[in-house]
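**Student:** my questions are about this predicted structure, shown below with the sequence.
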Amino acid sequence: MLGTTSVVLATTIINVVLPDIMRDFAVDQGRVQWLATGFLAAMAATMLTTAWWVRAYGLRRTYTVALAVFIAVSLAGGLATSIDALILSRIAQGAIAGVIQPLAMIALFEVYPPEERGSAMAAYGLGVVLSPAIGPALGGVLGQLFGWRAVFFVTLPLCLAALALAPTRLACFERGDAPRPAFDGLGFMLLCAFLLFVLGGLAHAQRHELSLAGLAFVVAGTLVCAAAFLAWELRRSHPMFDPRVFRDPVFAAAAAVGFAYGMGLYGSTFLVPLFVQTVSGFSVMEAGILLLPGGLLLALSIPPAGRLTDRHSPHYIVCAGLVCFALSFLLFAGSTAHTGFWALAAWIAVGRLGLAMMIPALNAGAVQGLPLAQIAQGAGALNFVRQLGGAFGTSLLSLLLQWRLAVHQQETAAALEAATRAFHDSFFAVGLVFLSVLLPGWRIRRVTAPTY
């Protein structure tokens, strides 16, 4: 969990200092949003390779080497002297983070029996969800006191502690005697091409450089790469991504909720710091601390949510969490420049309470009906879908915000009023995303796991 917390913390800790980076490198929102989407896209791509790394080199060796590389690229990001070098370091960070994050979930499922996995997933969810919740708060404090470069160094103590513990604590996770599988190079390239078409197309649209013919090319390329990737993976005996896990209706429903969760969580942590600094006039530190009460509530709520998951069917808990998160951002959609600090903090806390309820139930409920041999594939696929939702959601919300800002600037001469309305539209969209997956959430019912 030290490694998981480190890499997930790096996902959103940078969001609150994006305005400072924009000023230092004289770039606009469209360019700087790649620091968020590039990380998430690279993370989504490499997550699917985790199962191969574990089979080929063992969990312990994969974990230690990946952590060492993560430390190196974090140092490179903190010392970057250009926006291009900074974006490349963030993409490299995301690529390594994608390998590290699913390892904890795989290990927990091997160690804990089925009746204790709800509590185990609560521990996993604490790292995966608490880190994005408190990351902007920590980033705001560091950015105010030491500048934006400090956010690249804050995870290094956790990474070093994890490296120190790994040789003895992960000794039981050695590679077996099975032959080393071949790496799915073609599948990985098709996946990267799919992500480039989707996110590159959104980036060009944000800069108003996408013509009708260009849009048709992006859509066609996206569909072709997606279809080719799925067809190729179905042919392989040891696929990097096994589409067959989606035949299980409970897993398919959980994946839909996971995609929406990624869009909402990462998209909102991109929007909220920009909103309070642009509209409310908060400082970097105030913008970061705003998320701290919600993060603390999340930390307190995750363990009881795990115990609830052990005792009750996941669908009740998942749907309650979705409603809380939707309510949080529908409240944000009615905020103004005069809305007080504690009102905004309370609305964030409502959403974090929803996450606390949802994550253990979603993680445990998603793979409960899969055969034991497919649990690693299911864990990787669920994490991939969540990160894909995060990358897609951040890019789409950035595009939506820019579009609505242009529309409202034509309706009113007041810049603050136009910005407020644009953020309202974006927050309302986040709320609708969560309400739209209530039906799939209701389908994540408790089932008896097969043993074959």
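**Tutor:** Received it, and whenever you're ready, just let me know what you need.

**Student:** now do the contacts for His315.
**Tutor:** For His315, the contact set (C-beta atoms under 8 Å, 6 or more residues apart in numbering) comprises 361, 365, 441-445. No exception for glycine: its C-beta is placed from N, CA and C like everyone else's.

**Student:** out of those residues, which comes closest to Trp53?
**Tutor:** If you rank the contacts of His315 by distance to Trp53 using C-beta to C-beta, Gly365 comes first, at 26.2 Å.

**Student:** ok, now which ones touch that closest one?
**Tutor:** Counted by C-beta under 8 Å, 6+ apart, Gly365 has contacts 250, 254, 309, 314-315, 318, 444-446.

**Student:** kindly indicate whether it is helix, strand or coil.
**Tutor:** helix (DSSP: H, G, I helix; E, B strand; the rest coil).

**Student:** now do the residue nearest to it when sequence neighbours are not counted against Leu399, distance only.
**Tutor:** Leaving out its chain neighbours, the residue that sits closest to Gly365 by C-beta to C-beta, 6 or more residues apart in numbering is Pro314, at 3.3 Å. Pro314 sits 33 Å away from Leu399, going by C-beta to C-beta, to the nearest Å.

**Student:** with neighbour numbers in mind, choose between the two.
**Tutor:** Legend: neighbour count by other C-beta atoms under 10 Å for Pro314 and Leu399, higher for Pro314 (26 against 18).

**Student:** ok, the more buried one - contacts?
**Tutor:** 361-362, 364-365, 368, 444-446.

**Student:** top of the residues you listed by neighbour count?
**Tutor:** The most neighbours of any of these, using other C-beta under 10 Å, belong to Ala361, which has 33 neighbours.

**Student:** that residue reaches Ala320, doesn't it?
**Tutor:** No. Here Ala361 lies out of contact with Ala320, judged by C-beta atoms under 8 Å, at a distance of 9.1 Å.

**Student:** now for the longest helix along the chain, which elements pack on it?
**Tutor:** In the chain, taking DSSP state H as the definition, the longest helix is helix 375-411. Applying 3 or more C-beta pairs under 8 Å, 6 or more residues apart in numbering; DSSP states H and E, one finds that helix 375-411 makes contact with helix 29-32, helix 34-47, helix 50-57, helix 83-111, helix 185-206, helix 249-278, helix 341-366, helix 415-436.

**Student:** most remote residue from the chain's center?
**Tutor:** Centroid-distance maximum for the chain: Ala413 at 36.5 Å, with C-alpha atoms, centre = their mean.

**Student:** sec struct for it, please.
**Tutor:** coil.

**Student:** distance of it from Asp425?
**Tutor:** Taking C-beta to C-beta, one finds Ala413 at 19 Å from Asp425.

**Student:** try Phe392
**Tutor:** Phe392 is 18 Å from Asp425, by C-beta to C-beta.

**Student:** got it, and Ala166?
**Tutor:** 46 Å.

**Student:** those two - which one has more neighbours?
**Tutor:** Ala166 (19 against 16).

**Student:** secondary structure element for that one, which one?
**Tutor:** Using DSSP states H and E, Ala166 maps to helix 156-169.

**Student:** ok, Phe183 next?
**Tutor:** Under the criterion of DSSP H and E, Phe183 resides outside all helices and strands.

**Student:** which residue, other than its chain neighbours, is closest to it?
**Tutor:** Trp52 (6.0 Å).

**Student:** from the structure, what's the count of residues near the one you found?
**Tutor:** By the criterion of other C-beta under 10 Å, Trp52 has 21 neighbours.
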